[in-house]
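Participant: Test case, fold it:
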Amino acid sequence: MALEAFPTWAGPSRSLWTIAFAELSVPEHFMSCCAFTPSRCHIDLAALRRNFARLGEPGSIMPVIKSDAYGHGLLPVARALDEAGARRFAVGTVCEGVALREAGLGQVIVPLMGAISREDWQAAAAHDLTPLITDFEDIEKAAACCPADRSFRVALKCETGMNRLGFSAEELPAALESLRRFPRLAPVLALSHLACADMPDETAYTQAQVERFASMCAVLREAFPDLARSLGNSAGALGLSGTSISPKSVFAVISSRSRSFLPSSSSISP
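Facilitator: The predicted structure is shown next:
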């Protein structure tokens, strides 16, 4: 769909936009190519590295750099965090994880959307990614793509109150039984997500999630003693104290919304 030129004014009662769109034949499904307000974003990678260091020990943090690092540039951001000591990355898709591998990055890489297709599962296994397993069907699909010469590392998603994806506490025994059928599947990480850690009035709900996740991880660690755990998102990592869940999952760039809940002692810079 293209508009070659605006039509001529038809009188003072009709605006330019009214005339322009009146002349368009818009299909039922289309993609807008509107670019009325182009933007330019300047990324300070030095500030990114400083903020990452201020969040804690690098091994306890898993930067989330999905969606092209939230538009900040997947590879430049990943390389900057690699220089700062990051040992894990969370991305959105398997394709993003493959891009990091092809760029030479060797961290543990967790695609948070898991694998969408058989091709995704195969690519995740071939590139040593650690995709999410969120349900019983995922266990079967991952097992079907295990490499012949090594284990296939996976992450287990636990539902603790976000009500989005993952195994419930009641499903864990059956999930463990299913995993035992596939010894080459190697769960190395359990993770969940805080639903409202950025809402000061919901502290009780957040604490209930922390306790539920700790209880679920205790069950999982009976089968997988070395299982790492990840729960705290940006708001949780910045605003909660007294929890020992790690690695924390934090966004590569702290948004303005998260900064409004920073502790007064925080030294995070924009």
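Participant: ranges for the strands of the protein?
Facilitator: Using DSSP state E, the strands of the chain run over residues 61-64, 88-91, 108-111, 132-133, 152-157, 185-191, 228-230, 248-251.
Participant: Same list (those) but as JSON lines, adding mean pLDDT.
Facilitator: Below are the strands of the chain laid out as JSON lines (pLDDT from 0 to 100):
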{"stretch": "strand 61-64", "mean pLDDT": "91"}
{"stretch": "strand 88-91", "mean pLDDT": "95"}
{"stretch": "strand 108-111", "mean pLDDT": "96"}
{"stretch": "strand 132-133", "mean pLDDT": "96"}
{"stretch": "strand 152-157", "mean pLDDT": "97"}
{"stretch": "strand 185-191", "mean pLDDT": "96"}
{"stretch": "strand 228-230", "mean pLDDT": "90"}
{"stretch": "strand 248-251", "mean pLDDT": "46"}
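Participant: would you turn those into CSV with distance to residue 75 and mean neighbour count?
Facilitator: C-betas here are computed from N, CA, C, even on glycine. Shown next, in CSV, are the strands of the chain (distance: least, Cβ to Cβ, whole Å; neighbours: other Cβ atoms under 10 Å):
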stretch, distance to residue 75, mean neighbour count
strand 61-64, 13, 25
strand 88-91, 11, 26
strand 108-111, 13, 25
strand 132-133, 22, 25
strand 152-157, 23, 24
strand 185-191, 23, 21
strand 228-230, 23, 22
strand 248-251, 17, 22
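Participant: Present these as JSON lines; the columns should include distance to residue 176.
Facilitator: Listed next are the strands of the chain as JSON lines, based on distance: least, Cβ to Cβ, whole Å:
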{"stretch": "strand 61-64", "distance to residue 176": "24"}
{"stretch": "strand 88-91", "distance to residue 176": "24"}
{"stretch": "strand 108-111", "distance to residue 176": "20"}
{"stretch": "strand 132-133", "distance to residue 176": "12"}
{"stretch": "strand 152-157", "distance to residue 176": "10"}
{"stretch": "strand 185-191", "distance to residue 176": "9"}
{"stretch": "strand 228-230", "distance to residue 176": "16"}
{"stretch": "strand 248-251", "distance to residue 176": "23"}
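Participant: Those: which one's closest to residue 236?
Facilitator: Closest of the strands of the chain to residue 236 is strand 248-251, at 7.0 Å (criterion: Cβ to Cβ).
Participant: So residue 107 is in contact with residue 89, correct?
Facilitator: Yes - using Cβ atoms under 8 Å, residue 107 is in contact with residue 89, at 5.3 Å.
Participant: what residues are shared contacts of these two?
Facilitator: Listed as contacting both residue 107 and residue 89 by Cβ atoms under 8 Å, 6 or more residues apart in numbering are residue 100.
Participant: if we can go back for a sec, which of the strands of the chain sits closest to residue 201?
Facilitator: strand 248-251 (22.2 Å).
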